[in-house]
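Trainee: Using only what follows, build the 3D model:
(chains A and B)
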Amino acid sequence: MSDSTTPAHPERSAPAHPERSRGTAAGTNYLNAQRGIKSWLTTLDHKRIGIMYLVSVLTAFLLGGIFALIIRIKLLFPGHYLITRAQYNELFTLHGAIMIFLFIIPSIPASLGNFFVPMMIGAKDVAFPRLNLMSLYIYWVGAAMALLVILIGGVSTGWTFYAPFSEGPDAGHVILMTVAVFILGFSSILTGLNFIVTIHKLRAPGMTWFKMPLFLWSIYATSLVQILATPVLGITMVLLALDRGFHIGIFDPRYGGDPVLFQHFFWFYSHPAVYIMILPGMGIISELIAVHARRRIFGYTFVAFSSIAIALLGFLVWGHHMFVSGQSVMAGAVFSFLTFFIAIPSGVKVFNWLATLYQGSISLRAPMLYALSFLFLFTIGGLTGIFLGMLSVDVHLHDTYFVVAHFHYVMMGGTVMAFVGGLHHWWPKMTGRMYSEAWARLSAILIFIGFNATFFPQFILGSRGMPRRYYAYLPEFQGLHVFSTFGSWVIGAGFFIMLGYLVYSLKAGAVASTNPWGAASLEWQTATPPPTENFPVQPVAEHGPYDFEEVVAAQAALEGSAS
Amino acid sequence: MAADAATNFVIHLGSFWLPRQGSTLAPQVDRGFDLALYVGVAFFILVVVPLVLFVWKYRRRRAHDVGKPTGHNTAIEIAWTVIPLAIVMACFLVGFRGFLRASVAPAGAYEIQVTAHKWAWHFQYPTGKSTDNELRIPVGRPVKMVMSSQDVIHGFFIPEFRVKEDVVPGSYTSVWFTVPKPTQTLLECTQYCGLGHSGMLAKVIAMPDADFDKWVHQVKLQGSPVAIGRGLYTSKGCSGCHSINGTRIVGPSFKGLWGTTSHLSDGRNLVVDENFVRKHILDPRSLPVTGYPQVMPSFKGQLTDEQINDIIAFLKTVK
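Mentor: You can find the predicted model right below:
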């Protein structure tokens, strides 16, 4: 992959790809400009790459979700049931590893981000289209290795790979899995790098930083974390593999290593990674609330800068995963203090979104239902973080189901709701088709109810003393476990219905208009689905991303004249 | 067998959310929990009530309605930043105070050596008595667990006592607690450790002091750790360089050494505690003490973990 043979482009964004020459012809769009599997596999179009990422991460989500459903079915009973201990340990490891590394980290940036970052700034593509395709291939290689691990017998360390357990004989195919994670990291780094350069260099005329949709600010902040934190994960994985394979004595005390050091290294990446997961979700929520309440986000500047603040402060709180690991009391105190500090920008964002709803014009279409779900669930996720940030209380709750519930409220109630909301919001633009609104609302409501039924009981289980990652549990916990499992079936039903109506819409959905929601940002001002080069002429950002009055008035006038 | 013995154990509830308060640390932890709960419920209401209200009141009535222009309100933005900040800082302080108290064992706490391994708990008492998967403690006295693992990281968690700490191979960690009245409860492993993780449970029995004393002194055959440690002190050759009467031979005398601060030639000042002694026995060069020649050999591979524990127990008695 060498760009050196390509002459430098004098214009801001006009890489000359052969496939692009037809992009402006009437009736052609990025989907039908070229046909055949090869045209997809060799495409440099950020939209096609985004779609391929979307299919990939949703496949990972399906797989991880099926694992979760099996785990929940096992937990209907306190003793041996359905699967063995070894299978159980492999399932929760794979559920975690797949959901984190193959689904949630790439989910929003690589799929919706890839598709819409260039469109929202009015560019023809990302800054480095070849690098973009390469990051997808790297992701596929990493994903294939992870699948190989599953096929040849699994891994059972938990997604956290804690040493020295991960260096023991009963941990499974750890080295292969760490190599997969290492490779996946490069995909994440390249995506982040691409977005940073794209946002800096390819903005359309008039698109100042403060005219950017808030989604772009959050993607920018996420990209910073991706390129700064991910190398640490890569290094940690290499050290773990070397320690396991060649006993170099970094983490394993048998060879003079320090197992707590692994936790420091691991969380130095994996806590910032929490913000890689949630920040893009917050960005989508800003878009959904603004567009579907037709009101400029209250406190735009604060929301924009809070994303950057969260990204940077996120590097300073990794030790709150280690309050009972044996680290010093002083370290615990400092990490707890900083943890409460970082809670504030996230909390204030929730107030800003609420204030945006105030005096808005709120439509309860599916994207908004997901945004409201996000506000409800993320608030619970954030507030239960207060329990865990408090040192003395965390001692009791650490490594119990309370923690499991907390991060599912943040990651699934937060990021996944935002991702699915964004998927519905941008589905017409991406596919050119409308999904069934009635089915979409049903599925949103099922997922909301099912989610709370699944995870709220886990707070109670945890505070009552149920440790996480337990195959067998005390009989008195069975009632709450059964309730949780029933909830997981409701979530499952919601997602399978979603799969059904989304796929159906591709074949038989109503044809989507250019701008079905009356949105004001640039991606809605071009054809649906967009042409290969996104815009027929270079767009100019004349107004802000949330100035809905003109757009909606123009739509009203158009409809008035048509009737 | 510890595995699948779960049916023999119960965690008794003290409230809807939490187990009953089995140790003197528990009320303070629970006050922190309650504070977080009140703060959480208050903020939840503060978010969800307006949310529902706004969604109803400002629902779109006509297809081409738009929201009112967004204004500025610096006062409200400062208020909703500063007030939550003050509240969470209060939470921080409450958590920190509780944590500090739980971290520092009172002087003279009764010490029990805890050794964790896949997938069982081994407890050794100062008299030389030892038990597996059954921890007995005296009522009314602070009890300190000095813990280490033989293989992977385990987690020492007694829900009713509100104590938890990882048990790490290669170093020592500790927890302490005082149990006010006789009780029975459950100890769980909370750090994932493989196939037997969920079966790595132990029974915790708090006994009246007099009964405990009687029980713990019923020792068979093997000597107390202190006695074994004293034997090792001579048999392994420690006595060649370290006296126990305060005179200097080659290295520092053991007399009164425990708990003092050791000045290292690299500028660090470290307390002579379990981790220091263990590290110094296994890798003396890593802890060069100022004023003494660096001649001590490593005893790595020559002493078992249990023997090092015994030497530490002996060292503590040399005053």
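
Trainee: Can you tell me the SS state at B:Gln21?
Mentor: coil (DSSP: H, G, I helix; E, B strand; the rest coil).

Trainee: In contact with it, which residues?
Mentor: By CB atoms under 8 Å, 6 or more residues apart in numbering or on different chains, the contact list for B:Gln21 reads B:Gly14, B:Pro27, B:Asp30, B:Glu160, B:Arg162. (Glycine included, C-beta is placed from N, CA and C.)

Trainee: go on, A:Thr301?
Mentor: Contacts of A:Thr301 by CB under 8 Å, 6+ apart are A:Phe210.

Trainee: before we move on, back to that, what subset of the contacts of B:Gln21 is also close to chain A?
Mentor: The subset of the contacts of B:Gln21 within reach of chain A, by CB under 8 Å from any CB of the partner chain, is B:Glu160, B:Arg162.

Trainee: which of the contacts of B:Gln21 sit farthest apart?
Mentor: Greatest spacing in the contacts of B:Gln21, by CB to CB: B:Pro27 and B:Glu160 (12.4 Å).

Trainee: Which of the three states applies to whichever residue of the stretch 401-550 of chain A sits closest to chain B?
Mentor: Here the residue of the stretch 401-550 of chain A nearest chain B is A:Gly465; by CB to the nearest CB that distance is 3.0 Å. Using three-state DSSP, the structure places A:Gly465 in coil.

Trainee: Just the buried ones from the contacts of B:Gln21, in ChimeraX syntax?
Mentor: In ChimeraX syntax, the buried subset of the contacts of B:Gln21 is picked out as below (16 or more other CB atoms under 10 Å in any protein chain shown):
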select /B:30,160,162
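
Trainee: Would you mind naming what in the stretch 201-319 of chain B lies close to chain A?
Mentor: So the stretch 201-319 of chain B meets chain A at B:Asp283 (CB under 8 Å from any CB).

Trainee: can you give me the strands in the stretch 201-319 of chain B?
Mentor: B:201-207, B:261-263, B:269-271 (DSSP state E, counting those that start in this stretch).

Trainee: Which residue comes closest to residue 164 once chain neighbours are left out?
Mentor: Using chain A. Spatially, and ignoring its direct neighbours in sequence, A:Pro164 is nearest to A:Asp252 (4.4 Å; CB to CB, 6 or more residues apart in numbering or on different chains).

Trainee: actually it's chain B I care about, not the one you picked
Mentor: Per CB to CB, 6+ apart, closest to B:Lys164 is B:Phe157, 4.3 Å.

Trainee: Kindly report the same for A:Gly96.
Mentor: A:Trp159 (3.1 Å).

Trainee: any idea how far that neighbour lies from chain B?
Mentor: 11 Å (CB to the nearest CB, to the nearest Å).

Trainee: how many neighbours does that residue have?
Mentor: 18 (other CB atoms under 10 Å in any protein chain shown).

Trainee: neighbours around B:His242, how many?
Mentor: B:His242: 20 neighbours (other CB under 10 Å).

Trainee: what about it, distance to B:Phe314?
Mentor: In this view, B:His242 and B:Phe314 are 11 Å apart by CB to CB, to the nearest Å.

Trainee: likewise A:Ile83?
Mentor: A:Ile83 is 49 Å from B:Phe314, by CB to CB.

Trainee: Equivalent analysis for A:Tyr358, please.
Mentor: Taken as CB to CB, the span from A:Tyr358 to B:Phe314 is 71 Å.

Trainee: List the contacts of the lowest-mean-pLDDT helix or strand in chain B.
Mentor: Scoring the helices and strands of chain B by mean pLDDT, DSSP states H and E places helix B:225-235 at the bottom, with a mean of 85. For helix B:225-235, the surrounding residues in contact (CB under 8 Å, 6+ apart) are B:113, B:124, B:126, B:128, B:222-223, B:238-239, B:244, B:254, B:303, B:307, B:309-315, B:317.

Trainee: B:Leu187 - that's part of a helix, no?
Mentor: No - read with three-state DSSP, B:Leu187 is strand and lies in no helix.

Trainee: If I look at the closest residue in space to A:Leu423 that isn't next to it in sequence, what pLDDT would I see?
Mentor: Leaving aside its chain neighbours, A:Leu423 sits nearest to A:Leu112 (7.1 Å; criterion: CB to CB, 6+ apart). A:Leu112 carries a pLDDT value of 97.

Trainee: Contacts only, for A:Leu112.
Mentor: Contacts of A:Leu112 by CB under 8 Å, 6+ apart are A:Gly50, A:Leu54, A:Pro280, A:Ile284, A:Phe419, A:Gly422, A:Leu423, A:Trp426.

Trainee: go again using 7 Å as the cut-off
Mentor: A:Gly50, A:Gly422, A:Trp426 (CB atoms under 7 Å, 6 or more residues apart in numbering or on different chains).

Trainee: still on that earlier bit, so which of the strands of the stretch 201-319 of chain B is the most surrounded?
Mentor: Highest mean neighbour count among the strands of the stretch 201-319 of chain B (mean count of other CB atoms under 10 Å in any protein chain shown): strand B:201-207, with a mean of 21.

Trainee: So in that sheet, which strands flank that one, and in what orientation?
Mentor: strand B:134-138 (parallel), strand B:183-189 (antiparallel) (DSSP bridges).

Trainee: CA-only coordinates of that strand, as CSV, when you get a sec.
Mentor: In CSV, the C-alpha atoms belonging to strand B:201-207 read as follows (Å, rounded to 0.1, in the frame of the first residue of the first chain):
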residue,chain,number,x,y,z
LEU,B,201,-15.8,-20.6,49.1
ALA,B,202,-15.0,-20.9,52.8
LYS,B,203,-17.1,-20.9,55.9
VAL,B,204,-16.4,-18.1,58.3
ILE,B,205,-17.0,-18.8,62.0
ALA,B,206,-16.7,-16.1,64.6
MET,B,207,-16.4,-17.6,68.1
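
Trainee: picking up where we left off before, have a look at A:Tyr358 and B:Phe314 and say which one is more surrounded.
Mentor: B:Phe314 (23 against 18).

Trainee: Grab the nearest non-local neighbour of the more buried one.
Mentor: B:Gly229 (2.7 Å).

Trainee: residues near that neighbour, how many?
Mentor: Neighbours of B:Gly229 (other CB under 10 Å): 23.

Trainee: And the residue of the stretch 201-319 of chain B closest to chain A?
Mentor: For the stretch 201-319 of chain B, CB to the nearest CB, closest residue to chain A: B:Asp283, 7.7 Å.

Trainee: Mind pulling the model confidence for that residue?
Mentor: 88.

Trainee: And stretch A:63-78, how far out from the chain middle?
Mentor: How far stretch A:63-78 lies from its chain's middle: 22 Å, per CA atoms, centre = their mean, to the nearest Å.

Trainee: ignore the last one, stretch B:181-201
Mentor: 14 Å.

Trainee: before we move on, the earlier item: burial measure for the residue of the stretch 401-550 of chain A closest to chain B, as a count.
Mentor: 28.

Trainee: tell me, how many neighbours does the closest residue to it other than its chain neighbours end up with?
Mentor: Of all residues not flanking A:Gly465 in the chain, B:Pro159 sits nearest, at 3.0 Å (CB to CB, 6+ apart). For B:Pro159, the neighbour count with other CB under 10 Å is 26.

Trainee: can you check B:Leu93 too?
Mentor: 14.

Trainee: do A:Gly206 as well
Mentor: Neighbour number of A:Gly206 under other CB under 10 Å is 12.

Trainee: quick check, A:Phe268 in a strand?
Mentor: No - read with three-state DSSP, A:Phe268 is helix and lies in no strand.

Trainee: if I pick it, what's in contact with it?
Mentor: A:Val232, A:Trp318.

Trainee: quick revisit: using a markdown table, lay out the strands of the stretch 201-319 of chain B together with mean pLDDT.
Mentor: Listed next are the strands of the stretch 201-319 of chain B as a markdown table, based on pLDDT from 0 to 100:
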| stretch | mean pLDDT |
| --- | --- |
| strand B:201-207 | 95 |
| strand B:261-263 | 91 |
| strand B:269-271 | 91 |
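
Trainee: Out of those, which gets nearest to A:Leu233?
Mentor: strand B:269-271 (32.0 Å).
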